[in-house]
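Build the 3D model from these lines:
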Amino acid sequence: MQLRRMLGIQPGLTAIIGGGGKTTLLYALARELSQTARVIVCTTTHILPPEHLPCLTDGTETEIRRTLKKTKCVCVGTRTQEGKFTAPELAFEKLLPMADYILAEADGSKHLPLKAHAAHEPVIPPEANQTILVLGASGFGKPIAAAAHRPALYAEKLGVTQDTIVTPELAARLINLEGFHTRVLVNQAQTQRELALARELRLPVIFHDRDAHGDSLAIVKEFPDVTGVFHCFSGSPEMAQELLGMGWYLGFDGPVTYKNARRAPEVAAVTPLDRMLIETDSPYMTPVPYRGQRNDSSYVRLVAEKLAEWKDIAPEELEHATLENGKRLFRIIEQ
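Numbering: from 1, shown residues only. As a prediction, this is how the structure comes out:
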């Protein structure tokens with residue numbers, strides 16, 4: 001499942017705000033989107049210039065267009081005396097026609113998982129057509145004083161003390177109270193606390209189960225009103241049937257193309273077409289014939305072709321079905 005589809009990223013300007021994980025999301029999205037489109041990465045606050053991207057300080061329109069033509073992705077900003085980047089000198093209204101997507105980190109959190117926003121925050125450009133709020137689940141179970149940037153403000157907004165332990169319900173209250181987001185991304189939603197947050201926010205979950213099938217099944221059974229996708233599903237057909245009965249989707253990845261894929265055909269056989277998702281797990285689990293190389297989103301078609309072979313349908317039919325499944329699960333409305 002691509003991040004773009006999961007988060008409903010549309011062409012134009014996307015602002016990324018919230019707690020720890022913003023920069024990781026920023027570059028993951030840039031990597032994915034730049035495979036097929038032109039992407040400008042920037043900030044409205046401060047970021048360190050990335051080493052893996054061409055960076056233009058005070059770049060002219062000509063320089064930016066030339067760089068995008070060569071590399072598809074560029075970081076644009078104004079360099080400070082400390083060596084960081086601040087907002088680009090060119091206005092966003094001038095940058096927008098140059099790229100298909102602009103990704104702007106519009107917040108700072110001092111590397112803490114949670115944050116309360118002061119009156120001047122977040123710095124979301126008026127041109128933004130979507131705002132993704134990142135929430136670090138590592139803050140759950142900790143006092144506000146230890147988990148949140150601006151802890152006094154965090155506590156004040158919620159009417160509690162800084163010693164109060166952060167719960168998913170408490171974090172959801174603040175997110176909804178501030179109301180800056182169009183979508184929320186919760187990092188590492190794999191435990192009871194994170195599932196409780198998904199229930200509170202009414203969001204689907206991406207669950208990664210690795211060599212913990214029994215524990216994973218037991219955990220999700222505690223939350224019958226929470227569903228999502230079991231990413232890179234590797235359990236048994238019996239486990240698959242239990243999950244499907246609870247409303248979950250199953251993710252199929254590169255390993256379905258491997259010679260030793262014994263369970264995968266059996267799992268595919270019990271999984272209805274309207275509960276399948278195809279994924280890359282990039283940069284890992286590269287499908288045959290590219291196994292051993294870095295995985296790439298373009299290889300997802302090989303997963304689709306293998307599943308279509310097992311289902312005895314045309315690859316195009318499977319591709320259409322899984323696209324619709326992803327849109328339905330993540331409530332994506334195409335514009």
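
Would you report the backbone torsion angles of residue 115?
Backbone torsions of residue 115, given as degrees, to the nearest 10, read phi -160, psi 140.

can you pull out the strands in the stretch 51-200 of the chain?
Along the stretch 51-200 of the chain, the stretches classed as strands by DSSP state E, counting those that start in this stretch are 55-57, 73-79, 85-86, 101-105, 114-115, 130-136, 148-149, 183-187.

tell me how far the third one is from the chain's mean position?
Averaging C-alpha coordinates over strand 85-86 and over its chain gives two centres that are 24 Å apart (Cα atoms, centre = their mean, to the nearest Å).

Nearest to residue 298, out of the strands of the stretch 51-200 of the chain?
Judged by Cβ to Cβ, the one of the strands of the stretch 51-200 of the chain that comes nearest to residue 298 is strand 73-79, at 16.2 Å. Using the backbone N, CA and C atoms, a C-beta is placed for each residue, glycine as well.

Any idea how far the lowest-mean-pLDDT helix or strand in the chain is from the middle of the chain?
The weakest-scoring helix or strand in the chain, judged by mean pLDDT, DSSP states H and E, is helix 213-221 (a mean of 81). Computed by Cα atoms, centre = their mean, the chain-centroid distance of helix 213-221 equals 23 Å.

Report all helices and strands that the helix or strand that that helix is followed by contacts.
For helix 213-221, the following helix or strand on the C-terminal side (DSSP states H and E) is strand 228-231. The elements that strand 228-231 packs onto, with contact taken as 3 or more Cβ pairs under 8 Å, 6 or more residues apart in numbering; DSSP states H and E, are strand 205-208, strand 249-252.

Out of those strands, which is the most enclosed?
Of the helices and strands packed on strand 228-231, the one with the most neighbours on average (mean count of other Cβ atoms under 10 Å) is strand 249-252, at a mean of 24.

got a list of contacts for that strand?
With Cβ atoms under 8 Å, 6 or more residues apart in numbering as the test, strand 249-252 has contacts from 1, 227-233, 240, 243-244, 264, 267-268, 271, 275-279, 303, 307, 325, 329.

Mind giving me the packing neighbours of the longest helix anywhere in the chain?
The longest helix of the chain (DSSP state H) is helix 315-329. With contacts taken as 3+ Cβ pairs under 8 Å, 6+ apart, helix 315-329 sits against helix 3-7, strand 276-278, helix 300-311.

Tell me the bridge partners for residue 185.
residue 134 (DSSP bridges).

err, residue 205, not the other one
The partner residues for residue 205, given DSSP bridges, come to residue 228.

Roughly how far does it sit from residue 239?
As for residue 205, its distance to residue 239 is 16 Å (criterion: Cβ to Cβ, to the nearest Å).

Ok, residue 97 next?
Distance from residue 97 to residue 239, by Cβ to Cβ: 50 Å.

These two - which one has more neighbours?
Neighbour tally, residue 97 and residue 239, criterion other Cβ atoms under 10 Å: the higher count belongs to residue 239, 20 against 8.

tell me what the helix or strand containing the more buried one is packed against?
Using DSSP H and E, the element containing residue 239 is helix 237-245. The criterion is 3+ Cβ pairs under 8 Å, 6+ apart, and the helices and strands that helix 237-245 contacts are helix 213-221, strand 249-252, helix 263-270.

out of these, deepest packed?
Taking mean count of other Cβ under 10 Å, strand 249-252 is the most buried of these, at a mean of 24.

about what we covered before: turn the helices and strands packed on helix 237-245 into TSV, including distance to residue 122.
Below are these laid out as TSV (distance: least, Cβ to Cβ, whole Å):
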stretch	distance to residue 122
helix 213-221	33
strand 249-252	32
helix 263-270	42
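
So for residue 50, which of those sits nearest?
Checking these against residue 50 by Cβ to Cβ gives strand 249-252 as the closest, at 28.9 Å.

what are the C-alpha coordinates of the closest one, in CSV please?
Taking Å, rounded to 0.1, in the frame of the first residue of the first chain, the C-alpha atoms of strand 249-252 are listed here in CSV:
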residue,chain,number,x,y,z
TYR,A,249,-7.9,-6.8,5.1
LEU,A,250,-4.7,-8.8,4.3
GLY,A,251,-1.6,-7.4,2.7
PHE,A,252,0.3,-9.5,0.1
